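Peer 1: sequence and predicted model, in that order:
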Amino acid sequence: MHTGKSMTGGFDPAFYESALDAFTANVAVVDATGEILAVNDAWVQFVDFNDLKIANHGVGCNYLNFCDRLGTPGAAAVAAGLRALIAGGDGPFRHEYVMPLDTGSCWVKLSAVRVGHRDQPFLIVTHDDISIQRRAELGLREATARLLHAEDSERRRIARELHDSTAQHLAGAKLMLRRLDAKDPVSTGLVRDEVSGLLSSALDEIRSFAYLLHPPALEHLGLAAAIRQFATGFSRRGDVAVTIDIPDDFPRLSHATEIALYRVVQEALANVHSHSGSQQAVVRLRVAGEMVLLTVRDFGSGLPPRRDSIPGVGLEGMRLRLEFLKGHLSLRNAEPGLALEAWAPLLPEGED
């Protein structure tokens, strides 16, 4: 352990030296004024490895003043939390932030506890490098988002194949049936009518399937028209009255944004039908500054009591789509019912 001036107030550097140096995290002991009194070996190694120009490895400098001088949101949050802890606030204090270094950014998890006498407290401040975990999480999310976008592209291809090829074959077969000619017109007519009915059903099912995979209105008319069209069909199929609140002059957005918000509407209304017990839903779409806000609200049972339960695949898929676009998703009780809010950056058409 590396120390500066002698520490009083019952703190014995020799007694704690081996304990502090046993930590793999970077550890500093800070007094009530914010001055760093001691640091452990891991702290010294971190300073040396990153070639940080800090005199005496920081021992003797004021940690709080250093955070104030940085002027970043992360540093300001750390300084405020440590001051509150010194003043007697509940601990421990924890905060995650990005530390800019010459070798690249480093994700840090800071933890601080107050020790010592009430009239002369000390803080034990630890810094854990969590960059590997955060980069792995970010990589996983980006990979998952790319898979979702690949899924959208494949849906689009299948929808076109169904419409342009399979549906055309069925339509051709239906036309050919009209040319049937046999010795028994009555029997031929019955067969023709039955096959024609089956082909009509197949055509309807394929068109519905292709529409759900990739609605043509989304590509040709935009998000607002596609939501209106989907909501109309959903109300008819699901016995849920859907009210649409979208301005008539709502602009076209980038393809990635439109498909993401459209999938959110699909999943959210499916959840209303399956889980909420509500017979009504409201879909709102607004431009809010440099963001787009989509709200889907029902009037059913609201959020379940256990908020710590694992999110469903549909909800997590919506969240990942939006995070890939630098947006976010939130849920809140609307009393009655549940309100889902999806935020995405306002990117005009063509800016994918």
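Peer 2: Yes, it's here. Numbers count the residues shown, from 1 in each chain.
Peer 1: please make it C-alpha for all contacts and neighbour counts, starting now.
Peer 2: OK.
Peer 1: for the residue nearest to Met99 when sequence neighbours are not counted, what are its contacts?
Peer 2: Distances taken as Cα to Cα, 6 or more residues apart in numbering place Cys106 nearest to Met99, at 5.0 Å, with adjacent residues excluded. By Cα atoms under 8 Å, 6 or more residues apart in numbering, the contact list for Cys106 reads Val98, Met99, Pro100, Asp129, Ile130, Ser131.
Peer 1: backbone dihedrals for the fifth one, please?
Peer 2: Right, Ile130. phi -110, psi 20 (degrees, to the nearest 10).
Peer 1: ok, the third one next?
Peer 2: In terms of degrees, to the nearest 10, the main-chain angles of Pro100 are phi -70, psi 130.
Peer 1: and it, what pLDDT?
Peer 2: In this model, Pro100 is scored at 75, pLDDT.
Peer 1: that older thread, the contacts of Cys106: which two are farthest apart?
Peer 2: Pro100 and Ile130 (13.8 Å; Cα to Cα).
Peer 1: and these two? Which one has more around it.
Peer 2: Set side by side, Pro100 and Ile130 show more neighbours around Ile130, with 15 against 10, by other Cα atoms under 10 Å.
Peer 1: let's see the strand or helix carrying Asp128 as PDB, backbone CA atoms only.
Peer 2: In the assignment (DSSP states H and E), Asp128 maps to strand 120-129. What follows is strand 120-129, C-alpha atoms only, in PDB (Å, rounded to 0.1, in the frame of the first residue of the first chain):
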ATOM      1  CA  GLN A 120     -13.600  11.800  11.200                       C
ATOM      2  CA  PRO A 121     -14.800   9.500   8.400                       C
ATOM      3  CA  PHE A 122     -12.800   7.900   5.600                       C
ATOM      4  CA  LEU A 123     -14.000   6.500   2.300                       C
ATOM      5  CA  ILE A 124     -12.700   3.300   0.800                       C
ATOM      6  CA  VAL A 125     -13.200   3.800  -3.000                       C
ATOM      7  CA  THR A 126     -12.700   0.900  -5.400                       C
ATOM      8  CA  HIS A 127     -12.600   0.900  -9.200                       C
ATOM      9  CA  ASP A 128     -13.300  -2.300 -11.200                       C
ATOM     10  CA  ASP A 129     -12.500  -2.400 -14.900                       C
END
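Peer 1: what's in contact with it?
Peer 2: 9, 25-32, 86, 106-116.
Peer 1: same thing with stretch 39-47?
Peer 2: Here stretch 39-47 has contacts from 1-3, 17, 20-21, 23-29, 53-54, 57-59, using Cα under 8 Å, 6+ apart.
Peer 1: picking that back up, quick one: the strand holding Asp128 to chain centroid distance?
Peer 2: What separates the centre of strand 120-129 from the centre of its chain is 32 Å, taken as Cα atoms, centre = their mean, to the nearest Å.
Peer 1: quick one, longest helix in the chain?
Peer 2: Longest helix of the chain, by residue count under DSSP state H: helix 131-161.
Peer 1: buried stuff in the next helix or strand after that one?
Peer 2: The helix or strand immediately downstream of helix 131-161 is helix 167-177, counting by DSSP H and E. Of all the residues in helix 167-177, those buried under the rule 16 or more other Cα atoms under 10 Å are Ala167, Leu170, Ala171, Lys174, Leu177.
Peer 1: hmm, Leu347 and Lys326 touching each other?
Peer 2: No: shown here, Lys326 and Leu347 do not form a contact pair, counting by Cα atoms under 8 Å, at 11.2 Å.
Peer 1: who's more crowded, these two?
Peer 2: Using other Cα under 10 Å, the more surrounded residue of Lys326 and Leu347 is Leu347, with 20 against 11.
Peer 1: now do the contacts for the more buried one.
Peer 2: Leu347 touches Leu253, Ser254, Thr257, counting by Cα under 8 Å, 6+ apart.
Peer 1: so which strand or helix has Arg321?
Peer 2: Judged by DSSP H and E, Arg321 forms part of helix 313-324.
Peer 1: what does that helix contact?
Peer 2: 141-142, 144-145, 148, 260, 263-264, 267, 328-329, 342-344.
Peer 1: quick one: it to chain centroid distance?
Peer 2: 6 Å.
Peer 1: and what of stretch 289-296?
Peer 2: Offset of stretch 289-296 from its chain centre (Cα atoms, centre = their mean): 15 Å.
Peer 1: use 27 as the first number for this chain going forward.
Peer 2: Right, with 27 as the first residue, what we last looked at is stretch 315-322.
Peer 1: next, the buried residues of it.
Peer 2: Neighbour count says stretch 315-322 has Val318, Leu319, Leu320, Thr321, Val322 buried, by 16+ other Cα under 10 Å.
Peer 1: what about the longest strand in this structure?
Peer 2: For the chain, the strand reaching the highest residue count under DSSP state E is reported as strand 132-143.
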